[in-house]
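In: Starting from these lines, generate the structure:
(2 chains)
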Amino acid sequence: MRLRKLFTAAIAASALVAGMAIAPAYAATEVKMILWPGPEGEAMQKVVDAYNAGQGKKDGVVVKQVLLSRDNTFAKEAALMKAKSSEYDIYFTASYLVGQHAPYLSEIKGVNDKIYLKASIDGLKVNKKQMALPLDTSLHFMYYRTDLVSSLSSAANTAKYKQISKTVLGKELSPNTDPETWSWDDALATAAFFTQKYNPDSPTKYGYALPAKNLLYNTMIWNDVLWGLGGNWYKNGQPNLNTASGKAAIDIYRTIYTKELTSPESSQWEYAETNAALTSGNAMMALQWNAAYSELSKTGATSGKVGIAAPPGKGQRTHVHALAVGLNKYSKKQAAAQKWMKHLATVGAMKNYAAAGGVPSMPEILTTMVSTNASFANIITYAGKYGYSESAGAREFDIYAKLAEVLSPAWVGQKTADEVASAADAALKSLRK
Amino acid sequence: MIRQRKDKVSAFVLASPLLLFLSALVVWPIYLGIKTSLSRDLLSEFEITPAGLDNFKAILSTPDFWSALRFTILFAVVATLLEGLLGFLLALVFDRKFPGKRTLFSMVLVPIMIAPSLMAVMYRLILNENIGIIPGFLQKFGWDISIFDQKYVFFTLVCLDAIQYTSFAFLLVYAALQNIPQEIYESAAIDGARYRQVIARITIPILRPALAIIAMLRLIDSFRTFDTIYILTGGGPGTSTQTIGIYIYKTAFITGDFGMASAASVTLVLLLAPLMPWIIKQFRLDVK
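Out: From the prediction side, this is the model:
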């Protein structure tokens, strides 16, 4: 009896030891990845789930996505990076931030550049090294009400348009019903025409929705104006905003605000408020992010009546950036994280991402999905034709923020272009060091 | 003698967990903050190098730091005065019996229970000119107003702070009012004192310590204001609504300059610390 008990115990112990020895061979390595909540995080969760259920099992990797807050993801990551933390294996980054993040990221090798939009993949290189993998591509469209623009061609409206443009801009202009070819004068005159202050018959209260809050993402939109007028942050390495083009770009925003072509409240507007102004029927046009299309095309006053054009200007330009993921240099699971990144770089994974609502930086996928989102065609065209980024190095993110701080008082008429342009140049100079 | 020494030892042993806790959570971070303030510590640069007093020199010569400090002081003083006054008046109203008092009392306390960041997000929605319920309601009466117009933005921010924190002042004043003996009011009534005289000569002097505590707590709290203003205005246009908290946050987490941000924090402590004994003395809060 005693012998039988001993024998049973011995077998149980052996099984336990054997199990413990075998178990690690089958245990998957957990890779933790940061993203932000919203369409990107939701779409990525579908890709993560598919990977964990399929390819992840072959790779021996389980991916866990952690969504930080949308407003402060980068601030939290900054703290983690500075602490050289290994808590997360993959960081969320972007082309305007990768210069700042690069010291804490590992180079990603073996990426096939050709399957990505050039502006997106190139924007994630630091010193010619690929430091992150593109997810969504973001750029700007000039959104406008198609029903209102087409109404401009009537004789009565043409005469009124000429008179209003003379009053507001000091120039008698004729309506241009093709927003794709708008100069900023055309855009401003059209905005004035659809502002009730100048045209009480206008169906919209304001002609324009101006996101003029002191926010770095608003500088990205203003950059379209600057570049469209032939300006740039730097010229031959020297700050270049205290110039005719720099001041003209500031004055365009200033004119929109001080002539009341936009709401006085727009001094505190960003993405959401701009969308609200358009969908509520209070505003007629706005330079806005491509991501807004799905909401604008289906909601309120803009439903079925929203047109897309390139940002106005002589040499039209749109800011392009890519949201991305990069590999934490201090991750203790580099090999497993690389396997997941390799999967993310495949067309198959990005197809899942697009199907779940993401806007991957792969033209091949965007082309096939134009039927579900018409703006995808514009993304491909505009990114290739007008896409631009400053690539100002490690301090690019700071520059965007500083310019928003320095320029926003002029955007809303508190200061003149002359007053802020030299301060902007001084900021650019100090951040270029 | 031996007993006294034993008492000291046991006092030290009993206090040691708290002392260790304080060292870990207060002293150590302060040390790290000071150390960082003396370093060139940029997110975009991998190496941290000693910087001596360079960060402090830079902070003291940065107009943005001083403008943020000015705005913070102005905001804190105006918000504290308004909240103190409204809280006091509200407490006087609630110090009487009236139907529905209990329900109203609970309702008045609701704003203080909501996180400031959540309140700010809510304000962005309900005060938005295009989709907000309040501008929509006002428009029905012909009052077309842009609440976040830069002309009114300071007033708007102070009012929003008051909506959230008046209930705090109200609660403290109301609690203090309950401790005033009824006999004092009765004597005043017999002497023929009017309501205004009773408030000015009896209620306010008795409530002075409570009012002082409210003023101090609200001043400190308003000085730390960050989330509501950051979410609503981002500190702008320009730096016109930038509090010192927003300045430090942006310097650390957007500019990625932890050295400068720490130097700003240390400078702020050095500027404010000498005021504390004075505040304590003025409000007679020193413990005896």
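
In: Bridging across strands, which residues link to the nearest residue to A:Ile221 once chain neighbours are set aside?
Out: The spatially closest residue to A:Ile221, leaving aside those adjacent along the chain, is A:Leu287, at 5.2 Å (CB to CB, 6 or more residues apart in numbering or on different chains). Glycine gets a C-beta too; all of them are placed from N, C-alpha and C. A:Leu287 forms beta bridges with A:Met142, as assigned by DSSP bridges.

In: What is the burial count for A:Leu287?
Out: Per other CB atoms under 10 Å in any protein chain shown, the neighbour tally for A:Leu287 reads 24.

In: where in the stretch 301-433 of chain A is pLDDT low?
Out: By pLDDT under 70, the weakly predicted segments of the stretch 301-433 of chain A are A:392, A:433.

In: what does it have sitting close to chain B?
Out: A:394-395, A:397-398, A:401-402, A:404-406, A:408-409, A:411-412, A:414-415 (CB under 8 Å from any CB of the partner chain).

In: Quick one: name whatever helix or strand follows the host helix or strand of A:Phe397.
Out: Using DSSP states H and E, A:Phe397 sits within helix A:396-411. Next along the chain after helix A:396-411, taking DSSP H and E as the criterion, comes helix A:417-432.

In: circling back: buried set for the helix holding A:Phe397?
Out: Judged by neighbour count using 16 or more other CB atoms under 10 Å in any protein chain shown, the buried positions of helix A:396-411 are A:396-411.

In: nearest to B:Ala263, of the residues you listed?
Out: A:Asp398 (16.9 Å; CB to CB).

In: In terms of helix, strand or coil, where does the residue nearest to the closest one when sequence neighbours are not counted fall?
Out: Residue nearest to A:Asp398 in three dimensions, not counting chain neighbours: B:Thr255, with 4.7 Å by CB to CB, 6+ apart. Three-state call for B:Thr255 (DSSP: H, G, I helix; E, B strand; the rest coil): coil.

In: Pick out the residue of chain A closest to chain B.
Out: Proximity of chain A to chain B (CB to the nearest CB) peaks at A:Asn214, 2.5 Å away.

In: Quick one: residues contacting B:Ile112.
Out: B:164-165, B:167-168, B:171 (CB atoms under 8 Å, 6 or more residues apart in numbering or on different chains).

In: and the two most separated of these?
Out: Greatest spacing in the contacts of B:Ile112, by CB to CB: B:Gln164 and B:Leu171 (12.8 Å).

In: Residue numbers of the stretch 51-200 of chain B in contact with chain A?
Out: Residues of the stretch 51-200 of chain B lying close to chain A (CB under 8 Å from any CB) are B:64, B:124, B:128-131, B:146-151, B:153.

In: okay if I get those residues as CSV plus neighbour count and secondary structure?
Out: Shown next, in CSV, are those (neighbours: other CB atoms under 10 Å in any protein chain shown; DSSP: H, G, I helix; E, B strand; the rest coil):
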residue, neighbour count, secondary structure
B:Asp64, 18, helix
B:Arg124, 18, helix
B:Asn128, 25, coil
B:Glu129, 27, coil
B:Asn130, 24, coil
B:Ile131, 19, coil
B:Ser146, 19, coil
B:Ile147, 22, coil
B:Phe148, 27, coil
B:Asp149, 17, coil
B:Gln150, 26, coil
B:Lys151, 10, coil
B:Val153, 21, helix
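
In: In contact with whichever residue of chain B sits closest to chain A, which residues?
Out: Going by CB to the nearest CB, chain A is nearest to B:Gly236 of chain B, at 2.5 Å. Applying CB under 8 Å, 6+ apart to B:Gly236 gives the contacts A:213-215, A:267-268, A:404-405, A:408-409, B:242.

In: gap between B:Arg5 and B:Ser16?
Out: Distance of B:Arg5 to B:Ser16, computed by CB to CB, to the nearest Å: 17 Å.

In: try B:Ile204
Out: 45 Å.

In: for A:Ala383, same thing?
Out: Plainly put, A:Ala383 is 63 Å away from B:Ser16 if you go by CB to CB.

In: Looking at the two, which is more packed in?
Out: A:Ala383 (24 against 10).

In: isn't the more buried one right next to A:Val320, touching?
Out: Yes. Counting by CB atoms under 8 Å, A:Ala383 sits close enough to A:Val320 to count as a contact (5.4 Å).

In: joint contacts of the two?
Out: A:117, A:119-120, A:137, A:139.

In: is it possible to export those to a markdown table including distance to chain B?
Out: Putting the shared contacts of A:Ala383 and A:Val320 into a markdown table (distance: CB to the nearest CB, whole Å) gives the following:
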| residue | distance to chain B |
| --- | --- |
| A:Leu117 | 26 |
| A:Ala119 | 22 |
| A:Ser120 | 22 |
| A:Thr137 | 23 |
| A:Leu139 | 22 |
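
In: Sitting in helices, which of those residues do you find?
Out: Taking DSSP state H, the ones among the shared contacts of A:Ala383 and A:Val320 that sit in helices are A:119-120.

In: Let me have the shared contacts of A:Ala383 and A:Val320 in a markdown table, extended by neighbour count.
Out: Listed next are those as a markdown table, based on neighbours: other CB atoms under 10 Å in any protein chain shown:
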| residue | neighbour count |
| --- | --- |
| A:Leu117 | 23 |
| A:Ala119 | 24 |
| A:Ser120 | 27 |
| A:Thr137 | 29 |
| A:Leu139 | 29 |
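
In: pLDDT check: weakest of the shared contacts of A:Ala383 and A:Val320?
Out: Within the shared contacts of A:Ala383 and A:Val320, pLDDT reaches its minimum at A:Ala119, with 86.

In: The helix or strand where B:Val78 lies - what's its average pLDDT?
Out: Following DSSP H and E, one finds B:Val78 within helix B:63-94. Average pLDDT, helix B:63-94: 96.

In: wait, is A:Tyr96 part of a strand?
Out: No. A:Tyr96: not assigned to a strand; according to three-state DSSP it is coil.

In: returning to that earlier point: from the residues of the stretch 301-433 of chain A next to chain B, pick the one nearest A:Glu77.
Out: After measuring those against A:Glu77 - CB to CB - the closest member comes out as A:Phe397, at 11.7 Å.

In: pretty sure that closest one contacts B:Phe253?
Out: No. Using CB under 8 Å, A:Phe397 and B:Phe253 do not qualify as a contacting pair, with a distance of 10.2 Å.

In: Please identify every residue contacting each of these two.
Out: A:Phe74.

In: What are the buried residues along stretch B:32-51?
Out: Per 16+ other CB under 10 Å, stretch B:32-51 contains these buried residues: B:33, B:36-44, B:51.

In: Which members of those are the farthest-apart pair?
Out: Between all members of these, the farthest pair (by CB to CB) comes out as B:Gly33 and B:Ser44, at 20.7 Å.

In: What is the neighbour count of A:Ser183?
Out: Neighbours of A:Ser183 under the rule other CB under 10 Å: 16.

In: thinking again about what came up before, ok, the closest residue to the residue of chain A closest to chain B other than its chain neighbours to A:Ile34 distance?
Out: Among residues not flanking A:Asn214 along the chain, B:Gly236 sits closest, at 2.5 Å (CB to CB, 6+ apart). Distance of B:Gly236 to A:Ile34, given as CB to CB: 28 Å.

In: do A:Leu80 as well
Out: Counting by CB to CB, the gap from A:Leu80 to A:Ile34 is 8 Å.

In: got a list of what A:Tyr208 touches?
Out: A:187, A:191, A:195, A:256, A:261-262, A:283-286.

In: Report pLDDT for it.
Out: 98.

In: do the one 3 residues further on as well
Out: If you check A:Pro211, the pLDDT there is 97.

In: hang on, isn't it packed against A:Ser267?
Out: No. A:Pro211 lies out of contact with A:Ser267 (CB under 8 Å); the separation is 9.9 Å.

In: so where's the stretch 101-250 of chain A uncertain?
Out: For the stretch 101-250 of chain A, no stretch has pLDDT under 70.

In: what about 90?
Out: Counting by pLDDT under 90, the stretch 101-250 of chain A has low-confidence residues at A:110, A:118-120, A:123, A:127, A:153, A:237.
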